[in-house]
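In: can you look at this prediction? I've put the sequence above it.
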Amino acid sequence: MVHHGHHLEDLAILPQVLLGLPFILLLVLYMAAIVKTNQTHKPWPIHRTVFLCIGTTLAVISVAGPLAERALMDFRAHMAAHLFLGMLAPLLIVLAAPMTLMLRTLDISKARRITKLLKSRPIGWITNPITAAILNIGGLWLLYTTSLYSLMHEFMWLHVLVHVHIFLAGYLFTVSLIYIDPIHHRNSYLNRAIVLILSLAWHSILAKYLYAHPPVSVPTDEAQTGAMLMYYGGDLVDAAIIFILCWQWYKATKPRAAYTPSTHA
Amino acid sequence: MVANHKEQTNKSRNILSGILFGIGFASFIDEAVFHQLLRWHHFYDKSTTEIGLISDGLFHAFSWFATIGGLFLFADLRRRKALEPLIWWGSILLGAGGFQLYDGTIQHKFMKLHQIRYVDNVFVYDLVWNVIAILMIIAGLALILSPKRRREAS
């Protein structure tokens, strides 16, 4: 068979460890931070911890273990893993507010240094919704419409690089649209809504395009199922992002006459 | 003067909320009924042009946002006690009818993006589809401009 010819027959242990370990590390650090911060502050909200646990679990199973191995040979499994790693896990981890927890846990001088870094101009550029959207959706177009997708299955380092990019770009994209953690370079709700609509559009267009033009070495029936998974799965996760954005917008435009001072969330 | 201005703002808010939700609702029905249940529409039509694919994707994304955004605007109207049900429902019909007419003329016929159903006498389907769309638009406008509502307002 041509389409499985040169592929890695199974995923070596090294890339699984390289990709999975950072998430496990994140989970451990997050838990340690909660223990520390709960001694001095009011308890860290349970729901944020739950989001982080589910988010890191989804990320790990999409880069290590049976699903990750199957994703090498099967485009449908690849797309499921992609939805987890690039969309759902980033959203859940954003909702876990890791940056807020970190700033709350670190001592003041370190927290100040990090805040200064977050305020810096390069961070401003990269957390701009347009940059984040191009890195995210542009990366996907590059992956599926060039030979990158089949090359990724031949070179281990490329496999690792692509997966790191999928998660980071997904995280950056989510962070740039819904503000859970402190963000210093803020964009208006309307700007973010427009970027979100355009990104969702290009994601759907790519999904339908892949239905008709499978990536190199992917059989037609797998491409069709994978494309529909991408389309409808993307819709679901995007619905959650749209809901949160609109919810924040709704709260921010509370009419002044009805204003009552509320406690911080 | 100020009250008049406020009334005008509230009216356009009602219309915006209704139209957005109407567009979203029509596209949701399109997806659920015609794609998933009846399977009259195809996920991808082999004759789709590139510009058609882009137009479809943009409209899909917009209507997905509009469904949720329209309902938040509805919640906003209620919290401001500014909801005018007749205008809101009329605007839903206007949005849904407008979407269906755009879909039935521009996307189906002009861009040849897809068809309502893949049969020989598709003209009958096109006719029914677009006539329903026009009826929805007329009914929507009638509700928005209804004299009954004017009496209520004054």
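Out: Nice, thanks for sending it over. Residues are numbered from 1 along each chain as shown, chains lettered A, B, ... in the order given.
In: so which helix or strand takes in the spatially most central residue of chain B?
Out: Geometric centre of chain B, nearest residue: B:A96, 2.2 Å, by Cα atoms, centre = their mean. Secondary structure assignment for B:A96, by DSSP states H and E: helix B:85-102.
In: any idea which element the residue lying closest to A:D181 once chain neighbours are set aside lies in?
Out: Nearest residue to A:D181, sequence neighbours excluded (Cβ to Cβ, 6 or more residues apart in numbering or on different chains): A:M99, at 3.8 Å. For every residue, glycine as well, the C-beta is placed using N, CA and C. If you go by DSSP H and E, A:M99 is part of helix A:98-105.
In: just after that helix, pick out the following helix or strand.
Out: On the C-terminal side of helix A:98-105, the closest following helix or strand by DSSP H and E is helix A:108-119.
In: what helices and strands are in contact with the helix or strand following that next one?
Out: Using DSSP H and E, the next helix or strand after helix A:108-119 towards the C-terminus is helix A:121-126. Contact partners of helix A:121-126 among helices and strands, from 3 or more Cβ pairs under 8 Å, 6 or more residues apart in numbering or on different chains; DSSP states H and E: none.
In: contact partners of helix A:121-126?
Out: If you take Cβ atoms under 8 Å, 6 or more residues apart in numbering or on different chains as the criterion, helix A:121-126 is touched by A:117, A:131-132, A:172, A:184-185.
In: near chain B, anything from the following helix or strand past that helix?
Out: Sequence order places helix A:129-133 as the next helix or strand after helix A:121-126, per DSSP H and E. No. Helix A:129-133 does not reach chain B (Cβ under 8 Å from any Cβ of the partner chain); its nearest approach is 12.1 Å.
In: how about the helix or strand following helix A:129-133 and chain B, any contact?
Out: Per DSSP H and E, the first helix or strand lying C-terminal to helix A:129-133 is helix A:139-145. No. Taking Cβ under 8 Å from any Cβ as the criterion, helix A:139-145 and chain B are apart, separated by no less than 12.6 Å.
In: helix/strand/coil for residue 47?
Out: Just going to use chain A. Following DSSP: H, G, I helix; E, B strand; the rest coil, A:H47 is assigned to helix.
In: looking at chain B here, not the other one
Out: coil.
In: count of neighbours near it?
Out: 9 (other Cβ atoms under 10 Å in any protein chain shown).
In: just B:A82 next, same as before
Out: Around B:A82 there are 16 residues (other Cβ under 10 Å).
In: circling back to that earlier point, which residues sit against the helix holding A:M99?
Out: The contact list for helix A:98-105 (Cβ under 8 Å, 6+ apart) reads A:26, A:30, A:33-34, A:36-37, A:41, A:44, A:48, A:52, A:111, A:114-115, A:118, A:180-182.
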